[in-house]
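build me a model:
(one chain, ligands or ions: 2)
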Amino acid sequence: MTTPTRGPAIEVAGLRKSYASKSGKQLVLDGVDLVVPAGTVTALLGPNGSGKTTTVGVLSTLLAADAGTVRVAGHDVAREPDAVRASIGVTGQITAVDELLTGTENLRLMADLNHLGRTAGRRRTAELLEQFGLAEAAGKPVATYSGGMKRKLDLAMTLVGTPSVVFLDEPTTGLDPRSRITLWDEVRTLVAGGTTILLTTQYLEEADRLADSVAVLHDGRVVAEGTPDELKAVHDAGSLDEVFLALTEPSTDEETGTTQDKENVR
Ligand SMILES: Nc1ncnc2c1ncn2[C@@H]1O[C@H](COP(=O)(O)OP(=O)(O)OP(=O)(O)O)[C@@H](O)[C@H]1O
Ligand SMILES: [Mg+2]
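Numbers count the residues shown, from 1 in each chain. Ligands and ions are numbered 1, 2, ... in the order given. Have a look, this model is predicted:
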């Protein structure tokens with residue numbers, strides 16, 4: 001059998017989004033274009049407040065766009081939000097776990113929401129508790145978990161329904177090095193199985209190691225996109241940190257001489 005041709009899992013064109021503010025409107029996304037091929041990991045990078053979480057919000061149907069088209073898992077987020085929701089998993093920047101419930105109860109709740117059925121739900125819950133090293137704490141209320149344990153439970157909850165597209169907003173913030181590596185392995189396993197992942201991170205080494213492609217958000221647009229190696233080569237940089245700093249300079253009239261045609265000129 002030949003490899004089936006699969007369309008991109010995420011296609012964003014001309015995405016615009018502003019928030020109401022005291023002084024009128026704050027434009028956050030000013031024409032974001034992004035394509036994520038199925039079965040790959042893309043890291044969305046950008047300074048604090050550059051609109052990463054807003055982008056994830058629109059792509060996961062939690063926020064409405066002002067303009068542009070967004071397709072996720074083959075469905076338009078504005079016209080077919082239910083189909084999009086059925087295909088995706090989202091781990092927010094702030095955890096969504098219920099502190100009063102135990103780890104097991106949180107996962108079973110997600111299994112119910114995903115219509116898994118009792119037996120399948122229990123099996124999936126046990127599988128994920130094991131995978132994320134939470135089996136021992138499974139019966140304790142989440143209020144007694146450490147921050148990292150809550151984060152892991154949150155990720156496990158995202159994966160209950162075996163989504164084809166997964167959004168992870170700063171998934172490794174607050175995780176210890178071992179847990180972070182476990183999460184990277186988990187991401188790689190998911191991707192090897194065909195899952196598509198869009199994650200945000202402030203850890204550029206993480207993006208370098210994990211992502212097939214990196215997109216840098218700045219001034220409302222994707223100002224650079226490519227493999228980590230491509231971006232480093234283009235910017236003659238030894239690390240993605242250097243690339244990031246070069247691309248997200250707050251000043252407007254820098255002369256780097258190495259900027260690309262995707263650079264945001266205005
Ligand atoms: N619900 C909201 N109402 C009004 N303004 C908002 C809202 N959410 C975000 N913003 C503003 O939009 C901008 C982008 O925020 P967003 O959270 O998308 O950035 P981010 O790139 O995820 O930042 P961080 O790296 O800090 O997580 C910020 O200026 C923020 O203050
Ligand atoms: Mg954010």
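
would residue 137 count as being in a helix?
No: counting by DSSP: H, G, I helix; E, B strand; the rest coil, residue 137 is not found in a helix; it is coil.

how far away is it from ligand 1?
Computed as Cβ to the nearest ligand atom, to the nearest Å, the residue 137 to ligand 1 distance reads 28 Å. Heads up, the C-betas are built off the backbone N, CA and C, glycines and all.

how close does the residue lying closest to residue 122 once chain neighbours are set aside get to residue 29?
Nearest in space to residue 122, with sequence neighbours left out and distances taken as Cβ to Cβ, 6 or more residues apart in numbering, is residue 108 at 7.2 Å. Using Cβ to Cβ, to the nearest Å, one gets 36 Å for the distance from residue 108 to residue 29.

give me the more crowded residue out of the two.
Neighbour count, other Cβ atoms under 10 Å: between residue 108 and residue 29, residue 29 has more, with 24 against 19.

so who does that one touch?
Counting by Cβ atoms under 8 Å, 6 or more residues apart in numbering, residue 29 makes contact with 15-18, 51, 54-55, 58, 65, 220-221.

in helices, which of those appear?
Within these, residues falling in helices by DSSP state H are 54-55, 58.

residue 198 should be in a helix, yeah?
No: Residue 198 is assigned strand when assessed by three-state DSSP, not a helix.

enumerate every residue touching it.
Neighbours of residue 198 in contact, by Cβ under 8 Å, 6+ apart: 10, 36, 41-42, 44, 56, 59, 165-168.

please redo it, this time with the cut-off set to 7 Å
By Cβ atoms under 7 Å, 6 or more residues apart in numbering, the contact set of residue 198 is 10, 36, 42, 44, 167.

ok, residue 73 next?
9, 84, 87-88, 164-165.

can you lay out those residues as JSON lines showing pLDDT and secondary structure?
Formatted as JSON lines, these follow (pLDDT from 0 to 100; DSSP: H, G, I helix; E, B strand; the rest coil):
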{"residue": "9", "pLDDT": "97", "secondary structure": "strand"}
{"residue": "84", "pLDDT": "96", "secondary structure": "helix"}
{"residue": "87", "pLDDT": "95", "secondary structure": "helix"}
{"residue": "88", "pLDDT": "96", "secondary structure": "strand"}
{"residue": "164", "pLDDT": "96", "secondary structure": "coil"}
{"residue": "165", "pLDDT": "97", "secondary structure": "strand"}
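
which of the ones in helices among the contacts of residue 29 lies closest to ligand 2?
Set against ligand 2, the nearest of the ones in helices among the contacts of residue 29 by Cβ to the ion is residue 54 (7.8 Å).
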